[in-house]
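K.L.:
build me a model from this:
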Amino acid sequence: MIRVRNLVREFGKIRAVDNICFAVEHGERFAFLGPNGAGKTTTLKMLTTLLAPTSGSILIDGVDVQRDPRAVRRKLGIVFQDPSLDSDLNAYENMEIQGVLYDVPRAVCASRIERLLKLFDLWDRRRQLTKTFSGGMRRRLEIARALLHTPRVLFLDEPTLGLDPQSRRLLWHCVKVMNESERVTVFLTTHYMDEAEQNADRVAIIDQGVIVALGRPGELMEQTQTSSLETAFLQLTGAHTRDPRVDSAQHMLDFARAWDARSGRAR
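P.N.:
Just a heads-up that it's a prediction; the model follows:
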């Protein structure tokens, strides 16, 4: 579903992503992990057509991201770290707008909205303004909205940041249901190592722009002779904190703004 070959991104003299290669299979749940400033956000922006590579290639569902970015965008659902709902609309209206942007037929859209809002435990709140929602409810709605047009790949960037354990558990349950029932490929980033260990089929760890490990969580723990993915992660990347280089909060904000600006041209 995703094929990345010799991907490089440079910002002046800084090589934020350094000749990485990996593949994600159809229907796989794939976690892309790394310390702050490791190159995660830069890679994510290239995968989702928001940043051109310096060199290398990306194919998503057989389509070249650089040659036909518009076709690629129609295959993607994405949930940002930063809120992206219209707080002055209710849950159902936020879903309907997504359907219009992606040309989902009205009858299909209505049934799809009902199914997703029921799955994400929001159907009874569908007429409630999203400004009144809790953080967990807003995040569930964002993921439901991202799934409305039946994307081939769902990108989740820190989807449970700041959520309580109950909300995190419900969210991942819903994602798993959609992954299994519709075979949507899930590409996630998270700093909660337990989430990656429990919810990802495979994990790639990037550090200083280079993929330093790739495999199933159990394989990485066996490789490092550790008992948890978090301990394996620390052993592979070091326990010291990092100063972000290119991947920063401002870049994530630019990411969300760029996607919002382009979403109306997705078709």
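K.L.:
now do the helices in the chain.
P.N.:
Remark: helices assigned in the chain by DSSP state H are 40-47, 69-74, 91-101, 106-119, 135-146, 165-182, 193-199, 217-224, 229-237, 249-263.
K.L.:
dump the residue contacts of the nearest residue to Ala196 once chain neighbours are set aside.
P.N.:
Once flanking residues are discounted, Ala196 sits nearest to Ala31: 4.0 Å by C-beta to C-beta, 6 or more residues apart in numbering. (Glycine included, C-beta is placed from N, CA and C.) Listed by C-beta atoms under 8 Å, 6 or more residues apart in numbering, the contact set of Ala31 reads 188-190, 195-196, 199-200, 202-204.
K.L.:
hmm, back to that, and the helices of the chain, which is most packed in?
P.N.:
helix 40-47 (a mean of 24; mean count of other C-beta atoms under 10 Å).
K.L.:
any stretches of this structure with poor pLDDT?
P.N.:
Under the criterion pLDDT under 70, the flagged ranges of the chain are 239-267.
K.L.:
list the buried residues in stretch 125-135.
P.N.:
125-126, 130, 133 (16 or more other C-beta atoms under 10 Å).
K.L.:
now stretch 16-29
P.N.:
Neighbour counts over stretch 16-29 (16+ other C-beta under 10 Å) mark 16-18, 20, 22, 24, 28-29 as buried.
K.L.:
and those residues, which is closest to Pro53?
P.N.:
Of all the buried residues of stretch 16-29, Val17 has the smallest distance to Pro53: 7.9 Å, by C-beta to C-beta.
K.L.:
contacts only, for that closest one.
P.N.:
7-9, 39, 42-43, 46, 53, 206, 209.
K.L.:
circling back to that earlier point, now the contacts of Ala31: which count as buried?
P.N.:
Buried among the contacts of Ala31 by 16+ other C-beta under 10 Å: 188-190, 195-196, 199-200, 202-204.
K.L.:
so what's Thr42 closest to, chain neighbours aside?
P.N.:
Thr42's closest residue in space is Ala16 (C-beta to C-beta, 6+ apart), at 4.5 Å.
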